[in-house]
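1. need a structure here:
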Amino acid sequence: MVSETGVNPNKGTFGTSISFDIDDAPKPMRRKGREKTDKLDSNEINSDEISNCPGCGADIRHEEWLDCLVGFVSGAHEFEVGNPVRARIVQNLRNLAARMNVPSPTDSWELAVIDKLIIEIKRLVAAEVDRTNRKQTASSELGDQERQAIIIETENRVINTMALEIQEALIEQLTPQLEVQIRQQVEQELWVQFEEEWRNRSTSS
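-> Presented below is the predicted three-dimensional model:
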């Protein structure tokens, strides 16, 4: 027999004191926790129903069967054409299947479940197409506005460039003529002043 005490009075701290009693017969050891584990296992089995697969007969959980059903309907076509399966569509279909009265996997396969899921896929696809069309329409309207703005900006730039070129061409063309006219005008004014000054001097002398 082995006995232990948890406090060491000499040191004031936790310690262990062991004594042996050879005459006492040892008591059998008991395994603890097994009963609780068995209860937990049985609860898990009851809460998560296990049934037979309608195709191969293997034991699968009801949640796994729902995932397989939704994955088959939503992903078969996309997988064949090489496109990724949209997670949002899969989640919507899974929620729809969870709300339906689906048959047990042990019963015969019911195509009505597949039909409902296909109808839901068509509805989601139609909504996606409508959203894409609205986006494209908005993009085309924005494109028309941008195109009109570019046209106006180009016209203004061309008009300004042409006006500058015409101005430079006129200056280049008229400058020689203006120089001749100005020279003649200046010469005439100088001759008039010279003749007037000459007459004044002649009169005074």
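2. Name the spans of this structure whose pLDDT lies under the cut-off.
-> Residue ranges of the chain with pLDDT under 70: 1-58, 60, 68, 70-115, 139-142, 205.
3. again, only this time at 50
-> Residue ranges of the chain with pLDDT under 50: 1-22, 32-33, 35-47, 106-108.
4. So in it, which helix runs the longest?
-> Secondary structure of the chain read by DSSP state H shows that its longest helix is helix 111-204.
5. Can you name every helix or strand that it contacts?
-> If contacts are counted by 3 or more C-beta pairs under 8 Å, 6 or more residues apart in numbering; DSSP states H and E, helix 111-204 sits against helix 62-81, helix 87-99. Just so you know, the C-beta spots here come from the backbone N, C-alpha and C atoms, and that holds for glycine as well.
6. Just give me the neighbour total for Phe194.
-> Residues lying near Phe194 (other C-beta atoms under 10 Å) number 10.
7. roughly how far apart are it and Gln181?
-> 20 Å (C-beta to C-beta, to the nearest Å).
8. What are the contacting residues of stretch 170-184?
-> Counting by C-beta atoms under 8 Å, 6 or more residues apart in numbering, stretch 170-184 makes contact with no residue outside itself.
9. Flag every buried residue along that stretch.
-> Across stretch 170-184, burial judged by 16 or more other C-beta atoms under 10 Å covers no residue at all.
10. Dump it to CSV, keeping only the CA atoms.
-> The C-alpha trace of stretch 170-184 is given here as CSV (Å, rounded to 0.1, in the frame of the first residue of the first chain):
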residue,chain,number,x,y,z
LEU,A,170,0.5,85.8,-93.0
ILE,A,171,3.4,87.4,-91.1
GLU,A,172,5.9,85.7,-93.4
GLN,A,173,4.0,86.8,-96.5
LEU,A,174,3.2,90.4,-95.5
THR,A,175,6.4,91.3,-93.8
PRO,A,176,8.3,92.2,-97.1
GLN,A,177,5.4,94.3,-98.4
LEU,A,178,5.0,96.1,-95.1
GLU,A,179,8.8,96.8,-95.0
VAL,A,180,8.5,98.5,-98.5
GLN,A,181,5.5,100.5,-97.5
ILE,A,182,7.0,101.7,-94.3
ARG,A,183,10.3,102.6,-96.0
GLN,A,184,8.5,104.6,-98.6
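11. Run through the residues that contact Gln136.
-> For Gln136, no residue counts as a contact, taking C-beta under 8 Å, 6+ apart as the criterion.
12. Give me the distance between it and Val129.
-> 10 Å.
13. What of Ile182?
-> On the measure of C-beta to C-beta, Ile182 and Val129 end up 77 Å apart.
14. ditto for Arg61
-> Arg61 sits 36 Å away from Val129, going by C-beta to C-beta.
15. and if you look at Thr154?
-> For Thr154, the distance to Val129 (C-beta to C-beta) stands at 36 Å.
16. and Glu120, how many neighbours?
-> By the measure other C-beta under 10 Å, the count of residues near Glu120 is 19.
17. actually His62, sorry about that
-> Counted with other C-beta under 10 Å, residues neighbouring His62 total 15.
18. Equivalent analysis for the one 5 residues further on, please.
-> Taking other C-beta under 10 Å as the neighbour definition, Asp67 ends up with a count of 15.
19. Quickly note the distance from it to Ile118.
-> Applying C-beta to C-beta to Asp67 and Ile118 gives a distance of 17 Å.
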